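[1] from the sequence below, what's the structure:
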Amino acid sequence: MSKQSPKTQISQLVTVAVQKLQGKVNFQAVNLKKGARVPELRLKNENGSGESKYPLIGDRYFLGRNSSSCDITIRNTMVSQIHCSLQRDPKNPHHFLLTDENSTNGVYMGKRRLESVSLRHGDTFTLAPPDLANCVTISYYCPPPLWARLLRYGFYGAGGIFGLLVLGIIWESRKVNVYPLPSGVSGPVVVYPRDGQTPLNPMRQETHRELDNLGDFSPYLTKAVVASEDSRFYWHFGVDPLGIVRAIKINWQGRGRQGASTLTQQLARSLFPEVGRQNTADRKLREAVVALQLEAVYSKDTILKTYLNRVYLGLAGYGFEDAARFYFDKSARDLDISEAATLVAMLPAPNRFNPIQDYDTSVKNRNLVIDRMAELRMISPEAAASARRSRIEISPQAKKSLSSTIAPYFYSYVFEELENLLGEEVAKEGNFIVETSLDRRMQAIAEKSLKNNVLNQGPRYRYSQGALVTLNGQTGEILALVGGVDYQKSQFNRAVQAKRQPGSTFKVFAYAAALEKGISPYKTYTCAGLSWQGQAYSPCERSSGGVNMFQGLARSENSVALRIAREAGLSNVVNVAERLGVKSPLNPVPGLILGQSEVNVLEMTGAYAVFDHGGRWNRPHAIKRILDASDCKNVEDLSTCRVIYDYGDDSDRNQQVISPKTAETMNSLLRGVITNGTGGAASIGMGEAGKTGTTNNYVDLWFIGYLPPRDWVTGIWLGNDNNSPTAGSSQQAAKLWGDYHRQLITTPN
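    Okay, here's the model as predicted:
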């Protein structure tokens, strides 16, 4: 047996002692409840076999080599008889105070000798200088509960994000100097037709006016603005966190689009071109940064006064003083509750929500503002009730100014499209140059043709309204759009806002779905009646025996269209319609094929354009380009202006939605409707193609067709706003289509 060295013998004795530590407290006998949180000392075993654990249940412990005096005995020559003590912190029961009891080698954390320290979870100390080989290493283990750790990490994360946000704000704020405020106002929204010559909207020549002090404005006006646009204006710091949370919640729940911009943010976006006009997260960040700067430099009253003087109000120009004089022929200081609420109600869409273009909507929105003022106790319930019962009396000069607008239905639709492209918040600021696809000659002929038809034929066939849209079938550009007979009498745009049953014009989607599935257009179908999903349908009205697709579509036979749709599959029919641009909800039931689901004229006309364009779809659009008027090197030269939007770069452009072969076959089918079927009244002898449509009781009269040599696609609807039956048929719509196109061809430019 080999003889061990004294050093090895001492090391083994120390190891055994550490492994069998036993002081006054029998730590091994401690039996804790499951999940109990008890602080521990963890002593690393010298032989590397792990660590010994000492749950600290009592209030005071001594550590050292003397087993009779110490609770935790440590057999190590570096450790004093009584080396240190632990005492529970009376302020925090989960923490202990470590005190050196005049030990020889001391207590160290790292290379720092301690007299006393409050231990925290994860603290490690040695009972001798850590450079010594035999020093004892002890760790204090007392992890906080999970909720505390999550709270801590969440605080660290929030602090980090806040720090980055502050750095971002500081960095971005260097780019914009908010003092002094820019002088003057921006330009309006100028809308040009395709020739780029005469703006569609009248340009006001009056000098812009501003009031000097917030107190100069009607008190009802300031209250209406705050109530409607930013009810927490006087307590937020330029950005409203509660408003942001509310907007996110509303948008996430799908209850409409909700913005969260404060009045200060709106002002920042309007006054400083550096903020940008794109509907992007970067722009919103810059907007928030500038808003914070404005709040830091200017008083709330100055910010609100500037907003009232500079906000864009459509035809009325900029600021409530201009708007009050334009609409009511009085100063903004003299507005009553109804007038103030009327102007404020225009803010979400000043080019559409005004009392001249849409009186009913203006009254509705005005009353919402009045109700909000009463809810916030800015006005009494009695004053609110009186204001709601007031008529909106508009200045005759304002009405005259609006009457000079070219293509008013088209013009109003431009702003709807502008909001869709840029977002409501940016679109309502103004200072844009909008280049559209409107052909003024075609528009004038379209307006005259529809009006003459309704005036001359309407009384006989008992219809009083109509809509007409002409597109460029190759590009989707709207060349002409008429939403009613007389815009001055009714601003309701029947070409885009009205939802009407399309009748047999919808059958084309069933035929296209069948062709896409590989069904031959020469396949014959019986003309007998049929039952489908519990509904009985009548036999053919104009045919008998076996009928193929050419004959079925030309004669608009319902039973044939239903059999074709059943073979193609209702879901496929819906899919084809949606691919061709029908955005209205479609119910996949047999009645859908006969035009049961409601659609609008513009989307149906856009769908027919696909057949004229080799199966490719372009979104029907009025706007070709949007220029930022605040970013032009030379305002007289539009080529120097920054382009915000260009349809040529749009992702909706030229999508192949059906095969060219299907489109070609549909062209043949639809030409047969005019040469051998129900659409003969539309014939002009130039290879035209199209489809008639009539709903039950002749409520809706349709014709949609296209002229391939000219790339014109025109959809027409005739009927009554109250859905009352007419005494006509789709022949009246087809005849109007033919007459209109003859005039287009024969009328010189």
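
[2] would you mind finding the longest strand in the protein?
    strand 623-632 (DSSP state E).

[3] buried residues in that strand?
    By neighbour count with 16 or more other C-beta atoms under 10 Å, strand 623-632 contains the buried residues 623-630, 632. (Each C-beta comes from the backbone N, C-alpha and C, glycine too.)

[4] closest one to residue 226 out of those, please.
    Nearest to residue 226 among these is residue 630, at 26.9 Å by C-beta to C-beta.

[5] for the closest one, which non-adjacent residue is closest in space?
    Once flanking residues are discounted, residue 630 sits nearest to residue 273: 4.4 Å by C-beta to C-beta, 6 or more residues apart in numbering.

[6] residue 730 contacts residue 699, doesn't it?
    No - counting by C-beta atoms under 8 Å, residue 730 sits too far from residue 699 to count as a contact (11.7 Å).

[7] for residue 109, phi and psi?
    With angles defined as degrees, to the nearest 10, residue 109 sits at phi -120, psi 110.

[8] I meant residue 120, not that one.
    The phi/psi pair for residue 120 (degrees, to the nearest 10) is phi -120, psi 160.

[9] that one - how many residues pack around it?
    By other C-beta atoms under 10 Å, the residues close to residue 120 number 13.

[10] who's in contact with it?
    95, 140, 142 (C-beta atoms under 8 Å, 6 or more residues apart in numbering).

[11] which among these gets closest to residue 450?
    residue 142 (83.6 Å).

[12] report pLDDT for the closest one.
    We note a pLDDT of 89 for residue 142 in this prediction.

[13] enumerate every residue touching it.
    Here residue 142 is in contact with 37, 39-40, 94-95, 119-121 (criterion: C-beta under 8 Å, 6+ apart).

[14] of the residues you listed - the most surrounded one?
    residue 119 (24 neighbours).

[15] ok, residue 467 touching residue 482?
    Yes - Residue 467 is in contact with residue 482 according to C-beta under 8 Å; the separation is 6.4 Å.

[16] so what sits against both of the two?
    Joint contacts of residue 467 and residue 482 (C-beta under 8 Å, 6+ apart) are 450, 495.

[17] please name the nearest non-neighbouring residue to residue 620.
    Closest to residue 620 by C-beta to C-beta, 6+ apart is residue 606, at 3.9 Å.

[18] I'd like the contacts of residue 120 laid out as TSV, including secondary structure and distance to residue 663.
    Formatted as TSV, those follow (DSSP: H, G, I helix; E, B strand; the rest coil; distance: C-beta to C-beta, whole Å):
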residue	secondary structure	distance to residue 663
95	coil	79
140	strand	79
142	coil	76
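
[19] closest to residue 549 among the residues you listed?
    residue 142 (82.2 Å).

[20] please tell me how far the closest one sits from residue 63.
    17 Å (C-beta to C-beta, to the nearest Å).

[21] count residues in the vicinity of residue 292, would you?
    Neighbours of residue 292 using other C-beta under 10 Å come to 20.

[22] wait, it sits on residue 238?
    Yes - between residue 292 and residue 238 there is a contact at 4.7 Å, judged by C-beta under 8 Å.

[23] re the thing from before, which strand or helix spans the residue nearest to residue 620?
    helix 601-612 (DSSP states H and E).

[24] who does the helix or strand following that helix pair up with?
    Next helix or strand after helix 601-612 toward the C-terminus (DSSP H and E): strand 616-617. Using DSSP bridges, strand 616-617 pairs in its sheet with strand 655-656 (antiparallel).

[25] strands paired with the longest strand of the chain, and their directions?
    strand 432-436 (antiparallel), strand 641-646 (antiparallel).

[26] report the buried residues of the longest one.
    Along strand 641-646, these residues count as buried under the neighbour rule (16+ other C-beta under 10 Å): 641, 643-645.

[27] for stretch 441-460, same thing?
    Those buried within stretch 441-460 under the rule 16+ other C-beta under 10 Å are 441-443, 445-447, 449-451, 453-454, 457-458.

[28] those residues in strands, which ones?
    Using DSSP E, none of the buried residues of stretch 441-460 sit in strands.

[29] those residues: which two are farthest apart?
    441 and 458 (24.9 Å).

[30] in PDB, list the C-alpha atoms belonging to the helix or strand that contains residue 369.
    Assigned by DSSP H and E, residue 369 belongs to helix 359-375. Provided in PDB are the C-alpha atoms of helix 359-375 (Å, rounded to 0.1, in the frame of the first residue of the first chain):
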ATOM      1  CA  TYR A 359     -76.500  68.200 -48.000                       C
ATOM      2  CA  ASP A 360     -78.000  65.100 -46.300                       C
ATOM      3  CA  THR A 361     -74.600  63.700 -45.300                       C
ATOM      4  CA  SER A 362     -73.500  67.100 -44.200                       C
ATOM      5  CA  VAL A 363     -76.500  67.400 -41.900                       C
ATOM      6  CA  LYS A 364     -75.900  63.900 -40.500                       C
ATOM      7  CA  ASN A 365     -72.200  64.600 -39.800                       C
ATOM      8  CA  ARG A 366     -73.000  68.000 -38.400                       C
ATOM      9  CA  ASN A 367     -75.400  66.500 -35.900                       C
ATOM     10  CA  LEU A 368     -72.700  64.000 -34.800                       C
ATOM     11  CA  VAL A 369     -70.400  66.900 -34.000                       C
ATOM     12  CA  ILE A 370     -73.200  68.600 -32.000                       C
ATOM     13  CA  ASP A 371     -73.900  65.400 -30.100                       C
ATOM     14  CA  ARG A 372     -70.200  65.100 -29.300                       C
ATOM     15  CA  MET A 373     -70.100  68.700 -28.000                       C
ATOM     16  CA  ALA A 374     -73.100  68.000 -25.800                       C
ATOM     17  CA  GLU A 375     -71.600  64.700 -24.500                       C
END
